[in-house]
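S.K.: sequence and predicted structure, then a few things I'm wondering about:
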Amino acid sequence: MGSFNGGAKTLPRLILVRHGQSQWNLENRFTGWWDVDLTEKGEAEAKAAGALLAAKGLLPTVAFTSLQTRAIRTLHLALEAAGRVWIPETKDWHLNERHYGGLTGLDKAQTAAKHGEDQVRIWRRSFDIPPPPQEAGSEFDLAADVRYAGIAIPNTESLKDTIARVLPYYESAIVPQLQAGETVIIAAHGNSLRALVKHLSGISDDEITGLEIPTGQPIVYELDQGMAATDRYYLSEC
Ligand SMILES: O=C(O)[C@@H](CO)OP(=O)(O)O
């Protein structure tokens, strides 16, 4: 494929980017809503994602991200590399990572050694079984975090729960931008993006559990006017 049209209004395109490697991705810890930053590798992944957008001429005109530093910084580093720091952007908690409940902060390998690989697989990848809830006042409780003032912070979430807050937000805030012909970029998280891919690609509850979203790799959806996906591909492969 050659280059895109540099942002003129045509059929809508949606670019999904999972944040680059985070400190707790590196340390293999359950992260969820806990606000960890990117590693140097994660920063490089974000810049490379933006350079790829520029090289392919797929230039976003509107941006959305979560309230979490790793996704926000991925967006900013990518937009800087693409020469698009000036586009409008919206940060919203609905795009946050799935809340990991009482597992937040724990080492994934140690948790598997303690509870068994099968149990940890269920907590990580089952569709509708949430991890054990986080106790109020525990080390990783975000109740006092001002960015979530007025928001009913969940104490755990399954993928199903995550979909239940991501999709209405997508429909109400993001779809209108796509319908207006904008090229939208969403910088978010493994599970909030899994929610969108499940919806857009019509993936079943069983099959979505096997879908892994790589860090820093722009996924492009081409959509028709009815917002149905006509194509999905990794930008690095087109
Ligand atoms: O820890 C997390 O929040 C997520 C994403 O890194 O992990 P998982 O792969 O288990 O969904």
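M.R.: Ah, there it is. Numbers count the residues shown, from 1 in each chain.

S.K.: which bits of the chain sit near the ligand?
M.R.: For the chain, the contact set with the ligand under Cβ under 6 Å from any ligand atom comprises N25, F30, T31, G32, E97, Y100, R124, G190, N191. In this view, the C-beta of every residue, glycine as well, is placed from N, C-alpha and C.

S.K.: in PyMOL, select just the buried ones from those.
M.R.: The PyMOL command for the buried members of the residues of the chain next to the ligand (criterion: 16 or more other Cβ atoms under 10 Å) is given here:
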select buried, resi 25+30+31+32+97+100+124+190+191
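
S.K.: the strands in this protein, which residues?
M.R.: Counting by DSSP state E, the chain has these strands, from start to end: 13-18, 62-65, 89-91, 183-188, 219-223, 229-234.

S.K.: contacting residues around the first one?
M.R.: Residues external to strand 13-18 that are found in contact with it (Cβ atoms under 8 Å, 6 or more residues apart in numbering): 4, 46, 49, 53, 58, 60, 74-75, 78, 174, 178, 183-190, 193, 196-197, 200, 213-223, 235.

S.K.: now the angle from that strand to strand 183-188?
M.R.: Put simply, strand 13-18 runs at 20 degrees to strand 183-188, going by axes from the mean of the first three to the mean of the last three Cα atoms, to 10 degrees.

S.K.: just the CA trace of strand 13-18, in CSV.
M.R.: C-alpha atoms of strand 13-18 as CSV (Å, rounded to 0.1, in the frame of the first residue of the first chain):
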residue,chain,number,x,y,z
ARG,A,13,-10.0,5.3,9.9
LEU,A,14,-9.3,4.3,13.4
ILE,A,15,-5.7,3.7,14.7
LEU,A,16,-5.3,1.7,17.9
VAL,A,17,-2.0,1.7,19.8
ARG,A,18,-1.3,-0.1,23.0
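
S.K.: distance from it to the middle of the chain?
M.R.: Counting by Cα atoms, centre = their mean, to the nearest Å, strand 13-18 is centred 9 Å from the centre of its parent chain.
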